[in-house]
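> whatever this is, show me its structure:
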Amino acid sequence: MYVRGRERLMQELEEFTVKNLGPHDICPDNCNLCEAFPSTKERFQRIVERWNWRKCRIGWRGFVQSSQLTNHEICHKMFRHALEGCPALEGCPALEGCSKMYIQVKDLRHDQEREMAFYHQSAGEDRVVTLSCSLLTTQMLDYDTMMFEAMSDEQDMEYREAAQRFYRPYLFSYVMELDEKKYDALRKLQERVAEESRWENNESDPYLWLACTFTPDSESSNISLDGYVVQSASRISKIKAPLYIKIEDPTTFRRMAKSILDVYKLNPSCLKDDPSFIQRLQKKLGHDRLSTIDVYNVGNGNCVYAQGKNGDMSFFYDIGFHYRHRPKTIVPGKLYSYVESMKRIYAQKPSFFILSHWDMDHIAGSAAARKDFLDQDWFAPDCWDACADAKRLARYLDLKDHLLLAKRPASGMPGGRCIGKVDVMSSAASPQILATYQFYMGEKARCDSSLPNCEGIVIEYTDRITGVRVLMMGDVNYASFDRARLANHHLGFADTPIDYLIAPHHGSERTDYRKITDGKTPINGRLAILCCTNRPGENRPNQGHKDELKKRFGDNVRTTEEAPPNNHYIRIRL
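Purely as a prediction, here's the structure:
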């Protein structure tokens, strides 16, 4: 009899777990299959035998009822397999035949990338670059493929809905710290891999995938890296562990890169033209003015929560946290996820989400958020150049029909534009404009090499009753924002009255911050907030950036690190 719905899904999940996640969970006598069957072929043959025996003995219905599988458990089994044999984890012997692993590293082959990475560091400083990279095992790729196909099933809607309820996006990343020597070694390795595999950098994937392992192997390892793993299925944890890059056969590299691009490819329907994007936003914003905007203390990350006066509407503008610490500062056993702030964040009930862009420090909180957060609509710029962890979230939202993407220049739209305007109208018999939202997309600027930063979404909110204006900039630098405003016959930043500013890019110097005044008489504002740690040695905020803000906001320039400890956020009251 053909099995449908949830029962069908649980069968497939159990079979995946048994066949792909090793013998740990199916050996009733706890025998060591790695010792009993030294070859991978023999070991998996025995696993399949046990799988078939279990099916016959229990029967499908009893088998499904007895299953306790959860997405959380499957993810952590996959994480454990990836980390098998890692010296940093005691009691983790190497598992023969465990899944191959790959790391997605930003393409470093261009000289300007190196110049931009090190240009702000003087010779006397600790000249290092911290890179955040997605990790992916073949088990994870198989799991995502299986679940995304289930979520796309058009014939069995109960099966499709069960898959959507069961699955949730997860993170498995690596944060490394490179000095100039390691940076150059990694760049040369990328050049070698690209040359041998005839891989050309293109706009559809500005990264290169390299084979890697956590198990030391001097014979096949080409570069050893120091850093830590970021993993999540519910709680987010960081584990210090060295990583070893390996060289694989060129055909394997090409095949793997193509498979990854195919699995996380979005439906074209996600991309909206400007009127459609704004129309959907207008329905979400409703008839309510904003009453408060809370800017959370999440370190060098962004998470902003805006709430309407009537309580009928609220939204997050980004949901990230300080995702990328310097590896040398990580202490084993200590949490680095801003737990108290995240508890406050997860207690909110947003109507929808707006992402400035898809960098992990702006979206990482989604990996541990309540499930109903992912049942809301998410508005964001196109994510064609996002990392694999971000694309996993995007693909999941896409399959649930909750993803709306504003087109970027790569999608045939101009950068540096006003995406659109939303007037919030009263619902009274004689309607009046209560508030206005302007949504801008920045344009590439020389001060920042990151396209996602420059082409992010900026929100300008004006209360028409009080005249108060708020600007929320994500990581869009001042020059990119000016291009967007001036292209639409609006005043530039220096000439625009701004009462409350959520400043860009964690107070970085890569913002062309001189545009704040542009050499003109400053226009005074009430408060500028910098989403950053304010810790010595991190250059966040950059002192020059902060000093320029003070010309307009006086002493009312604060970092989120200065938030009241009981609140864990700085509140803007409108």
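
> check the offset of the helix or strand encompassing A185 from the chain's centre.
In this assignment (DSSP states H and E), A185 forms part of helix 180-197. Taking Cα atoms, centre = their mean, to the nearest Å, one finds helix 180-197 lying 25 Å from the centre of the chain it belongs to.

> swap in stretch 280-294?
On Cα atoms, centre = their mean, the centre of stretch 280-294 falls 24 Å from the chain's centre.

> I'd like the numbering to begin with 855 instead of 1 from here.
Got it, the first residue is 855 from now on, which makes the last one we talked about stretch 1134-1148.

> could you tell me the end-to-end distance of that stretch?
24 Å (Cα to Cα, to the nearest Å).

> now do the buried residues in that stretch.
Within stretch 1134-1148, the residues that count as buried by 16 or more other Cβ atoms under 10 Å are 1135-1136, 1138-1139, 1141-1145, 1147-1148. The way it works is simple: take the backbone N, C-alpha and C, and place the C-beta from them, glycine included.

> farthest-apart pair in those, please.
Q1136 and D1148 (23.3 Å; Cβ to Cβ).

> sorry, back to before: turn the buried residues of stretch 1134-1148 into TSV, including secondary structure, distance to S1281 and pLDDT.
Converted to TSV, those look like this (DSSP: H, G, I helix; E, B strand; the rest coil; distance: Cβ to Cβ, whole Å; pLDDT from 0 to 100):
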residue	secondary structure	distance to S1281	pLDDT
L1135	helix	18	97
Q1136	helix	14	96
K1138	helix	15	96
L1139	helix	13	95
H1141	coil	5	90
D1142	coil	10	91
R1143	coil	12	95
L1144	strand	16	97
S1145	strand	17	97
I1147	strand	23	98
D1148	strand	26	98
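
> the next helix or strand after the helix holding A1039 vs helix 1034-1051, what angle?
Using DSSP H and E, the helix or strand that directly follows helix 1034-1051 along the chain is strand 1061-1067. Computed by axes from the mean of the first three to the mean of the last three Cα atoms, to 10 degrees, the angle separating strand 1061-1067 from helix 1034-1051 equals 100 degrees.

> contacts for strand 1061-1067, please.
Residues outside strand 1061-1067 that contact it (Cβ atoms under 8 Å, 6 or more residues apart in numbering): 939, 954-961, 989-990, 1043-1044, 1047-1048, 1053, 1055, 1075, 1097-1102, 1106-1107, 1110-1111, 1114, 1241.

> run a quick neighbour tally on T1290.
15 (other Cβ atoms under 10 Å).

> surely it is in contact with M1279?
No: assessed by Cβ atoms under 8 Å, T1290 is found out of contact with M1279, at 10.3 Å.

> all strands in the stretch 955-1104 of the chain, in order from the N-terminus.
955-960, 982-991, 1025-1033, 1061-1067, 1075-1079, 1081-1086, 1090-1094, 1097-1100 (DSSP state E, counting those that start in this stretch).

> which of these sits closest to S1303?
strand 955-960 (10.1 Å).

> how far does the closest one sit from its chain's centre?
15 Å.

> buried stuff in that strand?
955-960.

> in a markdown table, list those along with distance to G1162 and pLDDT.
Converted to a markdown table, the buried residues of strand 955-960 look like this (distance: Cβ to Cβ, whole Å; pLDDT from 0 to 100):
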| residue | distance to G1162 | pLDDT |
| --- | --- | --- |
| M955 | 45 | 90 |
| Y956 | 44 | 92 |
| I957 | 43 | 94 |
| Q958 | 39 | 93 |
| V959 | 42 | 92 |
| K960 | 39 | 90 |
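
> between these, which sits nearest E868?
The nearest one, if we look at the buried residues of strand 955-960 relative to E868 and count by Cβ to Cβ, is M955, at 23.9 Å.

> pretty sure that closest one is in contact with Q993, am I right?
No: under the criterion of Cβ under 8 Å, M955 makes no contact with Q993, lying 9.1 Å away.

> anything in contact with each of the two?
Taking Cβ under 8 Å, 6+ apart as the criterion, M955 and Q993 both touch A936.

> which of the buried residues of strand 955-960 lies closest to D1166?
Q958 (40.8 Å).

> least trustworthy helix or strand in the chain by mean pLDDT?
helix 887-890 (a mean of 36; mean pLDDT, DSSP states H and E).

> which stretches of the stretch 1005-1154 of the chain have low pLDDT?
The stretch 1005-1154 of the chain contains residues with pLDDT under 70 at 1053-1059, 1071-1075, 1087-1088.

> can you do 80?
1050-1059, 1070-1076, 1087-1089, 1101-1112 (pLDDT under 80).

> on that earlier part again, going by distance to M1327, which of the buried residues of stretch 1134-1148 wins?
I1147 (13.1 Å).

> doesn't C1157 make contact with that closest one?
No: the pair formed by I1147 and C1157 falls short of the contact definition of Cβ under 8 Å, at 11.5 Å.

> filter the contacts of strand 1061-1067 down to the buried ones, ChimeraX style.
This is the ChimeraX syntax for the buried subset of those, where burial follows 16+ other Cβ under 10 Å:
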select :939,954,955,956,957,958,959,960,989,990,1043,1044,1047,1048,1053,1075,1097,1098,1099,1100,1101,1102,1107,1110,1111,1114,1241
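
> please name the bridge partners of R1323.
For R1323, the beta-bridge partners are T1316 (DSSP bridges).

> doesn't R1380 make contact with F1407?
Yes: counting by Cβ under 8 Å, F1407 does reach R1380; the two are 7.2 Å apart.

> who has more neighbours out of the two?
F1407 (24 against 15).

> residues in contact with the more buried one?
1355, 1378-1382.

> repeat the analysis, applying 7 Å as the threshold.
Contact partners of F1407, counting by Cβ atoms under 7 Å, 6 or more residues apart in numbering, are 1379, 1381-1382.

> in strands, which of the residues you listed appear?
Among these, DSSP state E puts 1381-1382 in strands.

> between the contacts of F1407, identify the one with the most neighbours.
Among these, A1382 has the most neighbours (other Cβ under 10 Å), with 24 neighbours.

> still on that earlier bit, could you check the helix holding A1039 and say which residues are buried?
Buried, per 16+ other Cβ under 10 Å, within helix 1034-1051: 1036-1037, 1039-1041, 1043-1044, 1047-1048, 1051.

> can you check stretch 1080-1089 too?
1081-1087.

> need these in a markdown table with distance to H1360, can you?
Shown next, in a markdown table, are the buried residues of stretch 1080-1089 (distance: Cβ to Cβ, whole Å):
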| residue | distance to H1360 |
| --- | --- |
| G1081 | 20 |
| Y1082 | 20 |
| V1083 | 23 |
| V1084 | 18 |
| Q1085 | 24 |
| S1086 | 22 |
| A1087 | 27 |
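
> pick out the most distant pair among those.
Based on Cβ to Cβ, the longest span within the buried residues of stretch 1080-1089 runs between G1081 and A1087 and measures 20.5 Å.

> who are the packing partners of the host helix or strand of R934?
Assessed by DSSP H and E, R934 sits inside helix 925-937. If you count contacts as 3 or more Cβ pairs under 7 Å, 6 or more residues apart in numbering; DSSP states H and E, helix 925-937 packs onto strand 982-991, helix 992-1005.

> report the inter-axis angle for it versus strand 1025-1033.
Using the same axes, to 10 degrees, helix 925-937 lies at 40 degrees relative to strand 1025-1033.

> give me the buried positions along helix 925-937.
925, 928-937.

> what's the angle between that helix and helix 992-1005?
Interaxial angle, helix 925-937 versus helix 992-1005 (the same axes, to 10 degrees): 150 degrees.
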